[in-house]
Structures are given as structure tokens and as C-alpha cells.
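**Q** Fold the following for me, if possible:
(one chain, ligands or ions: 2)
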Amino acid sequence: MSTDPVRLIAHLDMDAFYASVELLRYPELVGQAVVIGGGRRHQPVETVDAVTGRTLRTFSTLRGYVGRGVITTATYEARKYGLQSAMGLMKAASLAPDTVLLPVDFDAYRRYSRLFKAAVRAIAPLIQDNGIDEIYIDLTDVHPATDGELGEPVTDPWWRAGAVAQSIREAVRAATKLSCSIGVAPNKLLAKLASELDKPDGLTLLRMEDVPRRIWPLPPRKINGIGPKSSARLEALGIRTIGELAAADPAWLVEHFGRAHGAWMHEAAHGRDERVVLTEMEPKSISRETTFDRDLSAQRDRAELSAVFTALCEGVSSDLKRKGYVGKTIGLKLRYDNFKTLTRDKTIEQATDDAAVIRRAAGECLKRVPLDRRIRLLGVRAGALFPADARDSALRTEQSEPSLFDEG
Ligand code: DCP
Ligand code: MG
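**A** Ligands and ions are numbered 1, 2, ... in the order given. Next up is the predicted model:
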């Protein structure tokens, strides 16, 4: 028996993600077959009813579609007709011509992606970003906000993980009005398989002992890492389920698929996976500084100092924009010719990535330091960072609801 402590890893995947985001702004389409994949010409046409003053929308359908577009995703209603991601729109039109077709709006999907990830992070900070609509979450050391029903601390780690996963689902829904599916398992491989088992809006706990019953009947291609080629190859060799793969002789697999892939497939089929959740830390600050070739005097070299100062602020601004952050504190760093170093910070009203705003705030910091010695180094820093998208959506949410689509 293994004495390794059990890890509890969750995989969260949003349900029919692009389509669900679109349905938030077109609620009249809820319950209908809808695919996302059109271009601008498939934008719904809005007319105002002269009598009632109500806005009516006319939607494009797949009927008569000619072109090379593909489906990015389909609502679950559309999936009943066999429509699915990556299918050509012309083929989809031949299967279900009355399906509504909407254009893609990646900016909206990215905003919702940021929102749901921030909601999860507030509950469980150890997150691995795994694409626009999915993340891995390490729940091993996360405790639910409340204890058991009788108030006693809960010791069963699976109960705990289930409670935390449930609160994550609720937080995602509160932040986005969207549903997701979560699988909780001892590792990433099984968690990803588990999140699909009860989609949509599912929560599945998958213990190691559940693998034969719930995982082994599935086709091998469900395993992340067994692509169409390996899958076809396995099928040709007579292996149609993960269970059959698990029962196959590892040496025989190695013979057909090479040492690394063959051995890995054997482990995967048994639900074994040691990979850790790779969290990416957000940067705490972004800064630029420069050491002058010769020490500068604030009085005599004023023009040169000022030009360098402005360039540093512009550098910080472009770094922020490139990385997609805004900062709420602007800092100044000064080193004198005697190597004494000073810093000053200013918190600004609204987080920014704008060079002129940074320059103004840093200029105010500069007024708060003595300038009677020569200066050896000058630096500008933006701190208290957060993603620029989060600021945008927070601002919009304050104004009105539903607000994520109201772009200026
Ligand atoms: N996507 C895409 N092209 C693909 C697959 C997916 O553009 N071939 C986009 C659209 C999806 C999003 O990525 O909405 C997430 O992919 P998923 O595989 O998670 O699919 P969905 O979230 O749409 O559906 P599900 O409920 O099955 O997760
Ligand atoms: Mg999804």
C-alpha cells in the first residue's frame, strides 16, 4: 500500500463555454440549438417594434450557409443533432439547418474567462490555467468555509474537497451566471476525465477505486494525451476501451508505441499520474530603472533627467500593457552618488497602465525627495497590480447589469 499522502485535484471546465456566454446577452435563445462560429455578417439584426417599443432580434441560421467556417462550440440542444466543435458549418447546415448561427466574440469570452478564474482563485489559490475555459485546482489543503452540519471539524478529506468544489461552483455562477462541471480526483489525469462524466453542471468525485467502474468503459481517446493517431492505432490492435488498455501487457504496448508513450499509456489507463498543479504566480510589480553614465545634478542636468524619467514611465506603461496589467501604486526609486537609496510610493485613484498618469504620479513622488545631491540611479515602479480585464469588467459591473457587453 502506498503511504503517500492523498492529493485532491479538481478539474473545472465551463459548460458549452462560448455558447453560454452568448446566451447571456441573447436569453431568448436559451433552450435552442445554437452554434458559434459565424463571422460579422451573422450578427443578429435588431429592430424596434413601433407599437411596443421592444427590441426584436432576428438571428441567422445555418440554412444555406456557404463558406469554410467551422463550429467553435454548440449548445447541448444542438449537440443532439450531432453538431460539435470543429465541424464545418456547411456540414452542420446539412444536419440541422434551423440551428441559430452566431459570430464569435473572443473579447467577451476572455472577459468571462478572467472572471471565473478570479472567482475560483478567491476560494482556492493554487490554480493551473489550462486554457480559456478550464483550470486545475489543488484542493489538498483547502478547507471549506463552514464545518460539518453539527459544527464539528470535518476530517474526511473527500468530504472537504466535495464541499469546497461545491462552493467553487456557486462562486463561479455568482460571478458569471454560467455553469461549469468539476471533477475531483487524486490527480490531474483522473480529474480531467471526471469533470466530463456528469457534464453539464456536474460535480463528480472520482476515487482510485472508482476507476474500473467509471473510467474503464470509456474509449482510450478520452485520456488527455491519447490523440486520434494513437486511438486509431489502438483500435486496429483490438483495444477499444481504457479497461482493455489497462489489461494490455505493458511490454506489448511499448513494442507498438515506443518506450515512453507505451509505458505512459499503461500508467494512464490505471489512473496513475504524478504531475503537479503548475501555478503561475502573478507579478507583484513591474519596474524600470537606469544607472546614469555619470551622476546627474537635479539642477544642471534637469532636461536630461526629465527625459530619462519620462522614458522610464513610458517603459513601465508599455510593460504593463504587454503583460495585461494595471497598477494602483506608482513608486519612485532614487540612488544618490553616495549610494544612499530612497523610495517613495503614491497610490492613485484608479489603477492604470497609462504613461502620462504614471509620469504624473511618479513626479509627485519626486517632489517628496531631497534633490541636493547628485543622482546615480533613477527607477519607476508600478505595484498593486491586477489584470487589466478585471478592472474593465469591475468598472462595467458597477454601472449596470448585464454589463460585460456594454463596451464604449
Ligand atoms: N473551442 C474551439 N474549437 C474547438 C474546441 C473548443 O474554438 N475545436 C472553444 C469553444 C468552446 C471552448 O473552446 O466553448 C471550450 O472548449 P470545450 O472543449 O470545453 O467545449 P465547451 O465548453 O464548449 O463544451 P463542454 O460543455 O463540453 O465543455
Ligand atoms: Mg468547456
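**Q** what's the weakest-modelled helix or strand in this structure?
**A** helix 388-399 (a mean of 48; mean pLDDT, DSSP states H and E).
**Q** Please determine how far the nearest residue to residue 227 once chain neighbours are set aside is located from residue 193.
**A** Spatially, and ignoring its direct neighbours in sequence, residue 227 is nearest to residue 221 (7.4 Å; CB to CB, 6 or more residues apart in numbering). C-betas here are computed from N, CA, C, even on glycine. As judged by CB to CB, to the nearest Å, residue 221 and residue 193 stand 11 Å apart.
**Q** so what's residue 345 up against?
**A** 329-332, 365, 383 (CB atoms under 8 Å, 6 or more residues apart in numbering).
**Q** do residue 283 as well
**A** Counted by CB under 8 Å, 6+ apart, residue 283 has contacts 323, 325, 385.
**Q** How about residue 89?
**A** 35, 37-38, 62, 65, 67, 69-71, 101.
**Q** quick one: it from residue 39, how far?
**A** According to CB to CB, residue 89 and residue 39 sit 10 Å apart.
**Q** tell me which parts of the chain are close to ligand 2?
**A** Listed as neighbours of ligand 2 in the chain under the rule CB under 5 Å from the ion: 13-14, 17, 133.
**Q** Specify the helix with the largest residue count in this structure.
**A** helix 302-323 (DSSP state H).
**Q** list the helices and strands the helix or strand that comes right after that helix packs on?
**A** Moving toward the C-terminus from helix 302-323, the next helix or strand (DSSP states H and E) is strand 325-336. For strand 325-336, the packing partners by 3 or more CB pairs under 8 Å, 6 or more residues apart in numbering; DSSP states H and E come out as strand 286-296, strand 341-352, helix 355-366, strand 375-387, helix 388-399.
**Q** Could I get the ones you listed in CSV, plus columns for distance to residue 265?
**A** Output for the helices and strands packed on strand 325-336, formatted as CSV (distance: least, CB to CB, whole Å):
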stretch, distance to residue 265
strand 286-296, 43
strand 341-352, 48
helix 355-366, 53
strand 375-387, 38
helix 388-399, 39
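**Q** Ok, which of these comes nearest ligand 1?
**A** Judged by CB to the nearest ligand atom, the one of those that comes nearest to ligand 1 is helix 388-399, at 17.3 Å.
**Q** which residues does the residue of the chain positioned farthest from its centre contact?
**A** Largest separation from the mean C-alpha position in the chain: residue 300, at 50.9 Å (CA atoms, centre = their mean). Residues near residue 300 by CB under 8 Å, 6+ apart: none.
**Q** What backbone torsions are found at it?
**A** With angles defined as degrees, to the nearest 10, residue 300 sits at phi -70, psi -30.
**Q** what's the distance between it and residue 369?
**A** From residue 300 to residue 369 the distance is 18 Å (CB to CB).
**Q** if we can go back for a sec, any shared contact partners between residue 89 and residue 39?
**A** Residues touching both residue 89 and residue 39 (CB under 8 Å, 6+ apart): residue 69.
**Q** what's near enough to touch the closest residue to ligand 1 within the stretch 101-250 of the chain?
**A** Nearest to ligand 1, among the residues of the stretch 101-250 of the chain, is residue 133, at 4.1 Å (CB to the nearest ligand atom). Contact analysis of residue 133 by CB under 8 Å, 6+ apart lists 13-14, 17, 109, 113.
**Q** you'd agree residue 44 is up against residue 60?
**A** Yes: contact criterion CB atoms under 8 Å: residue 44 and residue 60 qualify, at 7.3 Å.
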